[in-house]
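**Student:** Sequence first, predicted coordinates after that:
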Amino acid sequence: MTDSENKPDTANLIEWQDFEKIELRVGTVVSARVNEKAKKPAYVLEVDLGELGVKTSSAQITVHYTPQDLVGRQVLCVCNFGPKRIAGVVSEVLVTGFADADGAIVLAGAERKVPNGARLH
C-alpha cells in the first residue's frame, strides 16, 4: 500500500462528539415474525433494550435467519432514530448488521452476553 492508500478520506472524518450522538445499544430479541405486508422479505422484531423497554424493528434479515433463530439472540441497535412506518409496522430501532458477499445481512452483536440496554463505547 502507498501512503495515500493508508490515509483516511478527510471528507468523511467525524468528530468524537458526532459518534457520541449515535445511541448504539444491545438488546435481546424476544419475538420475531414474518412481516406479511413487506414488499421485500422482512421480520418484525420485538427487542428488549433493558431500561429503554421493548422496541419494535422491521428487519430484512430473512436470508440467514428464521424467526426461531432470532428469539433469544442479542443484537446491536441504533436507538435514537425517530420512529418510521415500514410496511404497516412502526419501527422504533434499527437492528444493525453487515452485508455478506451476496448482499444478505449478517447481524452485528456482542461477542458475549451483556446486559440489555448496554451502550456501545
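**Tutor:** Good, I have the coordinates.

**Student:** any idea how far D102 is from R73?
**Tutor:** For D102, the distance to R73 equals 21 Å [Cβ to Cβ, to the nearest Å]. (Glycine included, C-beta is placed from N, CA and C.)

**Student:** quick one: which of the two has more around it?
**Tutor:** Higher neighbour count among D102 and R73: R73, with 15 against 6, using other Cβ atoms under 10 Å.

**Student:** and that one, what does it touch?
**Tutor:** 28-29, 107, 109 (Cβ atoms under 8 Å, 6 or more residues apart in numbering).

**Student:** for this protein, what spans make up the strands?
**Tutor:** Taking DSSP state E, the strands of the chain run over residues 24-34, 43-48, 54-59, 74-78, 84-86, 89-91, 94-95, 97-99, 105-107.

**Student:** what comes into contact with the biggest helix by length in the chain?
**Tutor:** Scanning the chain for the helix with the most residues, using DSSP state H, yields helix 16-21. Contacts to helix 16-21, defined as Cβ under 8 Å, 6+ apart, come from residues N80.

**Student:** For F81, see how far away I14 is.
**Tutor:** With Cβ to Cβ as the criterion, I14 and F81 are 17 Å apart.

**Student:** Looking only at neighbour counts, state which of those two leads.
**Tutor:** Applying other Cβ under 10 Å to I14 and F81 shows that F81 carries more neighbours, namely 13 against 9.

**Student:** quick one: the more buried one and V95 touch, right?
**Tutor:** No - applying Cβ atoms under 8 Å as the test, F81 and V95 come out as separate, 11.4 Å apart.

**Student:** Can you list the low-confidence ranges for this protein?
**Tutor:** 1-6, 8 (pLDDT under 70).
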